[in-house]
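Student: Fold the stuff below for me.
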Amino acid sequence: MGNNSGVSLEEMNACESHQWYRKFMTECPSGLLTFYEFKRFFGLKNLSETSNAYVMAMFKTFDMNNDGYIDFMEYVAALSLVLKGGVQQKLRWYFKLYDVDRSGCIDREELLLIIKSIRAITGADHDMSAEDFTNMVFDKIDVNGDGELSYEEFVEGIQNDEMLLATLTESLDLTHIVQRIQGEIQDNM
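Tutor: Here you go, the predicted structure:
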């Protein structure tokens, strides 16, 4: 993993990091988490094709060195982002997640795919269709009207719109998964 993540094991206390390491090595004795193990690790089964694509995109954002695996340091960086990351860090991660084709911009189709996938996984009801929500996001934050969201447009637009920031943060809140893992760690102590 490169040094650009800004996260290290020192950010967690010794006891906490030992517990996370034990959990990680119990689930992944090889020390490398594959996509299949990632889904099993988070209890994601019988996903639709769309939801599976979303989970794969999430896996790839955590696989910082693009080797097809999540090692322990990448795992710690992901947990640190979820547990302790600031708005800027999370927005950078969200952008990377939404930019499915890694073009440096998010287009309507990419955003729509992710919104549909998140909704399929969470099963939550929404007042607005995924298509209408996607259109609203672009109407609000596609400043130059080119049909793509640059990183700058995305970050500024989301930060300047409390409703979009709250919706985005809520839809990608992974703390319930982290709490479940922490509960499993406590049960095994």
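
Student: do you know how far the nearest residue to residue 50 once chain neighbours are set aside is from residue 162?
Tutor: Of all residues beyond its chain neighbours, the one nearest residue 50 is residue 117 (5.0 Å), with distances taken as Cβ to Cβ, 6 or more residues apart in numbering. C-beta here means a position set from N, CA and C on the backbone, and glycine is covered the same way. Residue 117 sits at a distance of 24 Å from residue 162 (criterion: Cβ to Cβ, to the nearest Å).

Student: Of these two, which one has the most company?
Tutor: residue 117 (23 against 9; other Cβ atoms under 10 Å).

Student: buried residues in the helix or strand hosting the more buried one?
Tutor: When elements are defined using DSSP states H and E, residue 117 is found to belong to helix 108-122. Buried residues in helix 108-122, defined by neighbour count with 16 or more other Cβ atoms under 10 Å: 108, 110-121.

Student: Show the contacting residues for the closest residue to residue 105 other than its chain neighbours.
Tutor: Counting by Cβ to Cβ, 6+ apart, the nearest residue to residue 105 once its immediate chain neighbours are dropped is residue 148, at 3.9 Å. Going by Cβ atoms under 8 Å, 6 or more residues apart in numbering, residue 148 touches 105, 106, 107, 142.
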